[in-house]
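Asks: what follows is a predicted protein model with its sequence.
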Amino acid sequence: MAVLRSYTDQERLSGNPVDLEKRHQAFGRNFIPPKKAKTFLQLVWEALQDVTLIILEIAAIISLGLSFYHPPGGNSELCGQAAGGVEDEGEAQAGWIEGAAILFSVFIVVLVTAFNDWSKEKQFRGLQSRIEQEQKFTVIRKGQVIQIPVAEIVTGDIAQIKYGDLLPADGILIQGNDLKIDESSLTGESDQVRKSLEKDPMLLSGTHVMEGSGRMLVSAVGLNSQTGIIFTLLGAGGEEEEKKVKKAKAQDGVALEIQPLKSEEGGECEEKEIKKVNVTKKEKSVLQGKLTRLAVQIGKAGLIMSAVTVIILILYFVIDTFGVKGYPWLKECTPIYIQYFVKFFIIGVTVLVVAVPEGLPLAVTISLAYSVKKMMKDNNLVRHLDACETMGNATAICSDKTGTLTMNRMTVVQAYIGDNHFRQIPHPDALKPEILELIVNGIAINSAYTSKILPPEKEGGLPRHVGNKTECSLLGLVLDLKQDYQAVRDEVPEEKLHKVYTFNSVRKSMSTVIKKPNGEGFRMYSKGASEIILRKCTNILDANGTPRIFKAKDRDEMVRKVIEPMACDGLRTICLAMRDFTGETEPDWDNENEILSHLTCIAVVGIEDPVRPEVPEAISKCQRAGITVRMVTGDNINTARAIATKCGKEFNQMIRNEKGEVEQERLDKVWPKLRVLARSSPTDKHTLVKGIIDSTVGETRQVVAVTGDGTNDGPALKKADVGFAMGIAGTDVAKEASDIILTDDNFTSIVKAVMWGRNVYDSISKFLQFQLTVNVVAVIVAFTGACITQV
């Protein structure tokens, strides 16, 4: 570990193409090859397994064989040729046409089905390839932090890991800040594992970063990583396991992202894993399932009609030949009788074939495939086909505010510093140097070092915000104050940070501890939601930069005079604070409640995140379409809307009983009127989504779509009928749990998904009207014609 700690920037990968290629050759590429695609002939063979087609094939072969067979005694008057008609010479010579025509029809149906399956498989492999190409990871090369495609990561890379990442390779932790990993995909244990250099530095591919940040030295990639080894083992017995999988319950959707085993327990988890690896597995959406059941019901009716037809023809032949005309059953006439019975059987099969609406599942697949292509152009990356059609029935959308309804380009526009409320960013000369230094250091050090502001790509453009958008807005404040945050980071590199309490949904704050330069203890910088941080402050800096006592009444006054006016202007409020630790003994950093208390408030800033200009019209369209839009946000709600504030702050109190359990009856009283849920946690979002879906209010069940970008949004995304993950700001975990990925993080893209979902239903309903009309008429004509002409 000492060697790893001394692994400096200069010793890291240079990015030299020759060196990278050598590493590729020696250690392999960070790529797990997908399962070999089925050939067109294999798809043809699968299509031939259809029961109806098998019946047709048998009937056609028998018909074709009998057409060339002329039994002896066929012209004997004793065999009774009246029933069923007497074949003339021309009809006998053309008898092969019937069997050949059936075989040709089967051939066409099989080719169309196989081609459709091949096209769908090709489409989803392309979709998987696109997702893999867009997935990037942060590494350090040439001493620079860059993002590269996951497939280009090599053994020896230094990768930066952070909250929400899905680890793409195995590695060894060389620097960590409060790092917790979810290894349940490998071990089956739901508890998060704390990683540290001393105790447990091994990081495995396919696991999720739930808290913290750090850096790891990549030790194994591709087939040599933990996920790759598992896939290799599964691949050895893949063919045998597939037979077991086919017997298992069909899994909705195609797994588009490689995932590791869910547990180390044998067969069951292997079957789950093989399902995810098998990207060629056919999807069966809800609508397809309904229409397939409808086709089966119609097929049963057709089977009854065909059976009645065959029975009528056979009974009439037997009664007419052996009863009315009194012909005896002669041995030499048996082949002729069999020929008649086969002919009647073929007529019955014809009625059955006409009755079965085989075009229904095909029509659904074609409609969905067409809509999916169109949705891609509208910035909807569909991971599961059934989500496309489900959006056509959506009645409620629970949307995040930041980035979805807003532009997610945040800017600090107001600040409260040194007892002064600045409506605009103050000039640096208006602030005491001591306060200015604390603001700059508190922002530069107490932010993820991956967050930065880069020059615009084009001349005259806006600076590029890389990393967390809130932190970028604070870094923008530093630049507006004519200061250089990078100089501070160079002086205090990430390796010198003593302790980091990373942001999570419980803390709603971030704190970083550093050693003081003079060695007289430690200093901690904190930032977070203003009302949360202010409750932990016991001091505040005055205009001279001197701390003074900050009492509860002072806090209430600040909320009334500063925070509420900022909230009324639609601004997010963030509080910057600090605390010095002196004394000979080092504090107990694991005692968070004690450490994150007795803070000194430095400043409160108001951050603007403008609403996307197209969102109001999009929400109006949803309302006109009968869809209720609910905003779910972790931000403080505009205090002028007292009712919405009450719904936000008292949500849990309103839906839980004395034992703290969620009561569906209480929730049913809240959600129909709820439009804004403020200061919500991911758990609140999941509770709301589950409550709406399980609710018995109304005649029909609500169909809920929800958006999410964070790791903890995963349960809500999974629970919702359709989960939308943010393609830009979303974490890998959120994308993995979603059904559709919004590549532009825009609410209007959700509205377009609704439009295409309804288009699917409209197209299918029209086709259904046509198909059923044709089938009913065709069955009647076939039944009547067979009975009349043959009898």
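Replies: Looks like it came in fine. Just so we're clear, the structure is a prediction, and the values are computed from it rather than from any experiment. Numbering: from 1, shown residues only.

Asks: what is the rounded mean pLDDT of stretch 43-63?
Replies: Stretch 43-63 shows a mean pLDDT of 77 in the predicted model.

Asks: next one: it to chain centre, how far?
Replies: Stretch 43-63 has its C-alpha centroid displaced from the chain centroid by 38 Å (C-alpha atoms, centre = their mean, to the nearest Å).

Asks: now do that stretch: everything it contacts.
Replies: For stretch 43-63, the surrounding residues in contact (C-beta atoms under 8 Å, 6 or more residues apart in numbering) are 38, 95, 98-100, 102-103, 105-106, 109-111, 113-114, 117-118, 121, 299, 342-343, 345-346, 349, 352-353, 356, 358. Every C-beta, even on glycine, is put in place using the N, C-alpha and C of the backbone.

Asks: export only the CA atoms of that stretch, formatted as CSV.
Replies: Output of stretch 43-63 as CSV, limited to C-alpha atoms (Å, rounded to 0.1, in the frame of the first residue of the first chain):
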residue,chain,number,x,y,z
LEU,A,43,-34.3,-17.6,-36.4
VAL,A,44,-36.0,-19.3,-39.3
TRP,A,45,-35.9,-22.6,-37.4
GLU,A,46,-37.4,-20.8,-34.3
ALA,A,47,-40.2,-19.4,-36.4
LEU,A,48,-40.9,-22.9,-37.8
GLN,A,49,-41.7,-24.1,-34.2
ASP,A,50,-45.0,-22.3,-34.2
VAL,A,51,-47.8,-24.8,-33.5
THR,A,52,-50.1,-23.5,-36.2
LEU,A,53,-47.3,-23.5,-38.8
ILE,A,54,-46.4,-27.1,-37.8
ILE,A,55,-50.1,-28.1,-38.4
LEU,A,56,-49.9,-26.4,-41.8
GLU,A,57,-46.7,-28.1,-42.7
ILE,A,58,-48.0,-31.5,-41.9
ALA,A,59,-51.2,-30.9,-43.8
ALA,A,60,-49.3,-29.5,-46.8
ILE,A,61,-46.9,-32.5,-46.9
ILE,A,62,-49.7,-35.0,-46.6
SER,A,63,-51.7,-33.1,-49.3
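
Asks: check whether Asp739 really touches Leu385, as I assumed.
Replies: No - the criterion here is C-beta atoms under 8 Å, and Asp739 misses it with Leu385 at 9.4 Å.

Asks: what about the two, which has more around it?
Replies: Neighbours were counted for Asp739 and for Leu385 using other C-beta atoms under 10 Å; Leu385 has more, 28 against 25.

Asks: quick check: the more buried one touching Lys373?
Replies: No - using C-beta under 8 Å, Leu385 is not in contact with Lys373; the gap is 11.8 Å.

Asks: just to revisit the earlier point, now a PyMOL select for only the buried ones of the contacts of stretch 43-63.
Replies: Burial among the contacts of stretch 43-63 is assessed by 16 or more other C-beta atoms under 10 Å; the matching PyMOL selection reads:
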select buried, resi 38+95+98+99+102+103+106+109+110+113+114+117+118+121+299+343+345+346+349+352+353+356+358
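
Asks: Val629: what secondary structure?
Replies: What DSSP: H, G, I helix; E, B strand; the rest coil gives for Val629 is strand.

Asks: swap that for Val209, sorry
Replies: strand.

Asks: let me know whether it touches Ile181 as I believe.
Replies: Yes - in this structure Val209 lies within contact range of Ile181 using C-beta under 8 Å: 6.1 Å.

Asks: so for those two, which residues contact both of them?
Replies: By C-beta under 8 Å, 6+ apart, Val209 and Ile181 have these common neighbours: Leu167.

Asks: what's the neighbour count on Ser511?
Replies: Residues near Ser511, counting by other C-beta under 10 Å: 25.

Asks: touching the helix or strand harbouring it from outside, list them.
Replies: For Ser511, the host element (DSSP states H and E) is strand 509-515. Counting contacts by C-beta under 8 Å, 6+ apart, the residues outside strand 509-515 that touch it are 445-447, 492, 496-503, 521-529, 532-533, 581, 589, 595-596.

Asks: need the buried ones from those selected in ChimeraX.
Replies: Per 16+ other C-beta under 10 Å, the buried members of those correspond to this ChimeraX selection:
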select :445,446,447,492,497,499,500,501,502,503,522,523,524,525,526,527,528,529,532,533,581,589,595,596
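
Asks: still on that earlier bit, so which bits of the strand holding Ser511 are buried?
Replies: Those would be 509-514, for strand 509-515 by 16+ other C-beta under 10 Å.

Asks: walk me through the domains of this structure.
Replies: 1-30+154-280, 40-131+285-356, 374-406+612-757, 411-608 (automatic domain parsing).

Asks: what's the first-to-last distance across the longest one?
Replies: I take that to be domain 411-608. By C-alpha to C-alpha, to the nearest Å, the extent of domain 411-608 from end to end equals 5 Å.
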